[in-house]
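Q: sequence plus the predicted model coming up.
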Amino acid sequence: MRKRRLPKFKQLQFDTALRDPERCKEILSIISDFEGRTLTDECILDIMSVMYEKRFIKKSQIDLNAELKSEIQKHISHKADGGYPEGYQARFWTYMRTLSEFCFVLAPYNGELKLSLIAKKLINNELDEQEAFAIQSMKFNRKSPYKNVSNDFNYFRFIVKVLVHLGRQKLSFENFILSMFNRDGNLQSFLQEIEASHFLDEGTLIAYLKTQYGVTNKRNTIFQDYPDAVIKMLRITGFITLSYKEKLYLSLNEDKMDFINALLAVPFEYTEEEKVDPLKFFQKAESLNDRLLGIVEKDKNANTLTPEFYSSKLENVIQTYQLNENKVVSLIEKLNKNKSPLPSEEFKYIPDPLKLEFYISLLVYMKYGNDFNIKPNYKMDSVGMPISHAPGNQGDIEIYDATIYWLLEVTLVRNKTQQINNETTSVIRHLITSENSLNSPKKYLSLVAPVIHQDTHNYYKNQGSGKL
């Protein structure tokens with residue numbers, strides 16, 4: 001085995017293979033069929049083949065019409081990493097590292113693949129992405145079997161405590177960057193540091209990082225690559241909201257204050273032995289499930305949301321960003337062209353599939369909000385920005401009153417097989433079982449997608465369940 005290098009203090013980072021944390025559910029679903037198997041070269045090849053077949057991995061030189069396993073062995077290369085040898089095996093590990101850091105999985109090379117209880121509940125739609133990541137973030141630690149760093153604390157607990165202390169003062173983007181270099185999670189020390197330091201621009205912050213932390217990373221690494229991934233992780237936990245006034249600011253999601261405080265009140269630390277042993281790290285994390293699941297369940301039961309709640313959130317976004325129907329239509333059109341239409345930097349961190357749900361919700365509210373209740377089922381923060389997709393047992397957007405119920409299902413899926421598998425039977429179930437549709441004399445259903453394949457169209461036509 002290669003000798004492990006001495007740990008150093010480093011900026012917080014997550015693997016770029018999973019830039020969008022919402023993709024974690026998809027990969028967990030794929031690997032769940034292999035749970036209990038030993039991660040030999042053969043098993044890893046089987047998993048990678050499924051990842052290509054299901055289009056989880058899209059950009060590569062793999063010829064999907066050729067013999068897939070042979071193509072993977074021939075073309076997929078990656079430096080040895082995480083105990084995995086060079087080749088497709090190490091490439092597989094790039095998809096497992098972040099999941100392992102958050103204790104969703106235990107995936108040692110030539111060891112047994114295990115999924116955590118939270119991973120299984122996420123796959124089975126017993127938890128949504130926001131709930132699952134909120135729970136797993138409480139088990140995170142900078143120093144772990146998966147990162148050889150000297151920073152030794154739970155960054156998520158630390159940054160949330162910082163935001164609790166700052167309150168309405170908010171955390172500037174520059175100070176957020178500084179937090180990613182923090183070495184020990186000492187709250188008071190960090191608060192004193194940001195109080196004493198005034199970063200007027202990126203240049204002054206880089207100079208400070210070089211002097212105080214010996215940083216040699218490139219500008220894009222410091223200000224874009226690493227922080228983008230961390231902000232996406234923070235957003236999906238539901239802990240933060242973002243605001244943009246010439247620059248980005250972070251603050252607490254005020255709608256989740258009781259939930260956040262309850263999570264922080266649960267003490268949790270790893271022993272030194274657990275921080276270097278993957279199995280013991282995983283087992284210790286699993287020991288916290290009952291308490292954290294209890295907090296999530298209590299939070300669910302506390303949230304009875306009225307139609308006025310959704311209207312106020314949508315209205316706030318429209319007023320804040322001065323949106324109108326034409327602007328939203330333009331956003332949708334540019335999104336379909338794979339461009340980056342950002343009315344503000346805050347929209348940057350919303351994954352494209354969730355953006356489409358968000359934009360359609362805004363458009364429908366502008367058009368019909370005075371006459372009907374508009375209920376987008378994606379998770380949203382205290383200012384109305386989306387956090388994660390609608391839970392698996394709910395439709396995407398509901399429009400209703402006492403006389404009609406209209407369900408909008410929204411997807412960016414273009415693949416024919418995926419559309420048939422994911423946007424047909426489950427959508428009909430949402431139409432029938434929604435609480436808002438049960439007593440409605442008229443029910444309508446629309447599927448919104450960049451492309452609707454003929455087989456999908458035929459499915460709905462044969463159902464006779466409304467309009468497509």
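A: Cool, the structure landed.

Q: what's the distance between the nearest residue to Gly87 once chain neighbours are set aside and Gln61?
A: Nearest residue to Gly87, sequence neighbours excluded (C-beta to C-beta, 6 or more residues apart in numbering): Ser77, at 6.1 Å. To be clear about C-beta, it is placed using only N, CA and C from the backbone, and glycine gets the same treatment. Ser77 is 10 Å from Gln61, where distance means C-beta to C-beta, to the nearest Å.

Q: what about Tyr84, neighbour count?
A: Using other C-beta atoms under 10 Å, Tyr84 is surrounded by 25 other residues.

Q: give the helix, strand or coil label for the residue nearest to Gly87.
A: coil (DSSP: H, G, I helix; E, B strand; the rest coil).

Q: wait, it touches Thr94, no?
A: No. Look at Ser77 against Thr94 with C-beta atoms under 8 Å: they stay out of range, at 11.9 Å.

Q: more neighbours: which of the two?
A: Per other C-beta under 10 Å, whichever of Ser77 and Thr94 has more neighbours is Thr94, with 16 against 10.

Q: and the more buried one, backbone torsions?
A: phi -60, psi -30 (degrees, to the nearest 10).

Q: go on, Gly167?
A: Dihedral angles (degrees, to the nearest 10) for Gly167: phi 60, psi -130.

Q: relative to Asn370, how far out is it?
A: Taken as C-beta to C-beta, the span from Gly167 to Asn370 is 36 Å.

Q: still on that earlier bit, mind listing what the residue nearest to Gly87 touches?
A: Glu86, Gly87, Tyr88, Arg91 (C-beta atoms under 8 Å, 6 or more residues apart in numbering).

Q: now do the strands in the stretch 151-300 of the chain.
A: 171-172, 240-245, 247-252 (DSSP state E, counting those that start in this stretch).

Q: to Phe358, which of the ones you listed lies closest?
A: Distance to Phe358, taken as C-beta to C-beta, is lowest for strand 240-245 among these, at 13.8 Å.

Q: can you list the buried residues in that closest one?
A: Residues Ile240, Thr241, Leu242, Ser243, Tyr244 are the ones in strand 240-245 that count as buried (16 or more other C-beta atoms under 10 Å).

Q: state the distance from the most centrally placed residue in the chain to Leu354.
A: Centroid-nearest residue in the chain, with C-alpha atoms, centre = their mean: Pro21, separated by 3.1 Å. For Pro21, the distance to Leu354 equals 11 Å [C-beta to C-beta].

Q: any chance of a markdown table for the buried residues of strand 240-245, columns pLDDT?
A: As requested, the buried residues of strand 240-245 are exported to a markdown table (pLDDT from 0 to 100):
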| residue | pLDDT |
| --- | --- |
| Ile240 | 96 |
| Thr241 | 94 |
| Leu242 | 92 |
| Ser243 | 87 |
| Tyr244 | 82 |
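
Q: let me know the closest of these to Arg142.
A: The closest of the buried residues of strand 240-245, once distances to Arg142 are taken by C-beta to C-beta, is Ile240, at 18.5 Å.

Q: any stretches of this structure with poor pLDDT?
A: 1-4, 59, 336-346, 464-468 (pLDDT under 70).

Q: quick one, domains of it?
A: 16-297, 307-463 (automatic domain parsing).

Q: which one of those domains lies closest to Phe9?
A: domain 16-297 (4.8 Å).

Q: what about that closest one, start to end distance?
A: One end of domain 16-297 sits 32 Å from the other (C-alpha to C-alpha, to the nearest Å).

Q: in a helix, Ser446, correct?
A: No. Secondary structure assignment (three-state DSSP) places Ser446 in strand, not in a helix.

Q: okay, now it: neighbour count?
A: Counted with other C-beta under 10 Å, Ser446 comes out at 17.

Q: what does Thr98 give?
A: 23.

Q: who touches the helix or strand containing it?
A: Per DSSP states H and E: Thr98 is located in helix 88-101. Residues outside helix 88-101 that contact it (C-beta under 8 Å, 6+ apart): 14-18, 24, 27-28, 41, 44-45, 47-48, 51, 72-73, 76-84, 105-107, 109, 119, 140, 144-147, 278.

Q: tell me which residues in stretch 209-217 are buried?
A: Leu209, Val215, Asn217.

Q: among these, which are in helices?
A: Under the assignment DSSP state H, these contribute Leu209 to helices.

Q: now render the buried residues of stretch 209-217 as a markdown table, adding distance to Glu174.
A: Shown next, in a markdown table, are the buried residues of stretch 209-217 (distance: C-beta to C-beta, whole Å):
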| residue | distance to Glu174 |
| --- | --- |
| Leu209 | 10 |
| Val215 | 14 |
| Asn217 | 15 |
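
Q: closest to His453 out of the buried residues of stretch 209-217?
A: For those, the nearest to His453 is Asn217 (44.8 Å; C-beta to C-beta).

Q: how close does the closest one sit to Asp201?
A: 17 Å.

Q: report the contact partners of Thr38.
A: With C-beta under 8 Å, 6+ apart, Thr38 has these contacts: Asn110, Gly111, Glu112, Leu113.

Q: now for those residues, which pair is the farthest apart?
A: Among the contacts of Thr38, Asn110 and Leu113 lie farthest apart (C-beta to C-beta), at 10.8 Å.

Q: overlap of the contact sets of the two?
A: Joint contacts of Asn110 and Leu113 (C-beta under 8 Å, 6+ apart) are Thr38, Leu39.

Q: who's in contact with whichever helix in the chain runs longest?
A: Assignment by DSSP H gives helix 352-368 as the longest helix of the chain. Helix 352-368 is contacted by residues 22, 311, 314-315, 317-318, 323-325, 328-329, 331-332, 335, 347, 350, 374, 376, 378, 386, 388-390, 396-397, 399, 408, 410-412, 448 when judged by C-beta under 8 Å, 6+ apart.

Q: can you rerun that using 6 Å?
A: Residues from elsewhere that reach helix 352-368, judged by C-beta atoms under 6 Å, 6 or more residues apart in numbering: 314, 325, 328, 331-332, 335, 374, 376, 378, 386, 389, 396-397, 410, 412, 448.

Q: nothing else from me, thank you.
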